[in-house]
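Novice: fold the stuff below for me.
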Amino acid sequence: MTLDMWTLTSTLFKFGSYIGVSVALGTLLFVFLYRPALKRHKFISLMSLIGAASTASYFLLQVGAFSQSGLLGMFDVDIVKLLYTTGNGDLLIFRALGLVYFAVVWSALNKILLGSHWSVTTLLLMPAIVVVLWSFTTVGHISNLAWYWQGTLILHIFVALAWIGSLQPLYKLVQDVASKQVNQTLEQYSKIGIGIVALLLIAGLSLTYKLIILDNNQDSTEYLIALASKVILVVTMFGLAAYHKFHLAEKLKKGEINKNKVARSIKRENIIGYGVLLITAILTTVVGINH
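Specialist: Predicted coordinates:
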C-alpha cells in the first residue's frame, strides 16, 4: 500500500468513525424530539458498530504507519502496545467501546428506550455519549490545550455532529408520518436548531481563532484551503436550515406544498453534512496543522 493510499484509507476510516458518532448524537437529540422516528433501531446500531470498527481500523493503520513495514506492520504487537499507551490508545478505547456500548444498549433495550421517560433513556445512553465526546480530546493539537479549549471542542463536536446525525431521522419522519406531526416536529426542531447554530458559531469561531491566530498557523496554506471548504459547506447548511424554517415549513403548514418537497431538501442538507464530516476527516488526517 502506497503512502497516498494509506493516507486515503486512514481518512475514510476516520470519516466512518465520525459517521458513527454523528448517528449516536443525532439519536440522542431525537430522544427529545420524536422518539417514534427512531424505530429503525437496527440501522442505528449498525452505524454505531461501523463507527467502532472504523475507529479500531484507523488505530491499526496508525500502527502500520509507525512500524513502516506495510500491512503486516499493522499487527506488530510491540507497536500496538506502544501506541496503546498513548492518546491513540485512549481514543481507541473511549470511542470504540463507547459506540459499541451505545449499539448494544440501543439494540437490546430498544423497547424500553422508546417507551420510557426521556430522562431514563438519556441516563442509559449518556455513558456512551460522554466517553465518545471525550475521545476527541485525547490526541492531536487539542490534547495539549487548556481544559476550557478542550471543553469548547467538545461543545463544538456535540452540537455539530448531533445536528448532522439528526437529519437522517428527520428526513425519514417527514417522509413517513402525517403532515400534522411533521409540522409539530419541524417547529420543535427549528427551536432547537437556533440554539445549535448559535453554539456552533461561538465554538467554531473560538477554536478557529485559537488554532489559526493564537497559535500562529496563518501560513498553513493547505489547512486554510480545506478549512475554507468546510466553512462554505457549513454556511450552506445554515442557509438550508433557514430555508426549511422560514420558507418550506411555513408553506407546509399552510398546505401550499407537500411534505415530500421538505423531505428532499432535508436529504440534501444531510448529504452536505456528510461532506462536512469528510472534510473534517481530511483536515485532521491529511492536511492538519501538525501533520
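Novice: quickly note the distance from Phe136 to Ala96.
Specialist: 13 Å (CB to CB, to the nearest Å). Placement of C-beta: from N, CA and C, glycine included.
Novice: what's the local residue count around Leu214?
Specialist: 9 (other CB atoms under 10 Å).
Novice: again, but for Val131
Specialist: Considering only other CB under 10 Å, Val131 is surrounded by 19 other residues.
Novice: what of the one 3 residues further on?
Specialist: If you count neighbours by other CB under 10 Å, Trp134 ends up with 16.
Novice: can you pull the pLDDT of it?
Specialist: If you check Trp134, the pLDDT there is 95.
Novice: touching, Pro169 and Gly26? I think so.
Specialist: Yes: the pair Pro169 / Gly26 is scored as a contact, 6.6 Å apart, by CB atoms under 8 Å.
Novice: how far does whichever strand or helix holds Lys172 sit from the chain's center?
Specialist: Assigned by DSSP states H and E, Lys172 falls within helix 147-176. Using CA atoms, centre = their mean, to the nearest Å, the mean C-alpha position of helix 147-176 is found 6 Å from that of the whole chain.
Novice: buried set for the next helix or strand after it?
Specialist: Downstream of helix 147-176, the first helix or strand assigned by DSSP H and E is helix 179-208. The neighbour-count check on helix 179-208 (16 or more other CB atoms under 10 Å) flags 182-183, 185-186, 189, 192-193, 196-197, 199-200, 203-204, 206-207 as buried.
Novice: what are the boundaries of the helices in the stretch 1-150 of the chain?
Specialist: 3-33, 41-67, 77-84, 87-91, 97-108, 110-115, 118-134, 147-176 (DSSP state H, counting those that start in this stretch).
Novice: what angle do the longest one and helix 41-67 make?
Specialist: In this structure, helix 3-33 runs at an angle of 150 degrees to helix 41-67, with axes from the mean of the first three to the mean of the last three CA atoms, to 10 degrees as the basis.
Novice: what angle do helix 118-134 and helix 3-33 make with each other?
Specialist: Helix 3-33 and helix 118-134 meet at an angle of 160 degrees, taking the same axes, to 10 degrees as the criterion.
Novice: show me what counts as buried in helix 3-33.
Specialist: 7, 9-31, 33.
Novice: quick one: that helix to chain centroid distance?
Specialist: That offset, for helix 3-33, works out to 6 Å (CA atoms, centre = their mean).
Novice: how deep is Thr121 tucked in, by neighbour count?
Specialist: Neighbour tally, Thr121, other CB under 10 Å: 23.
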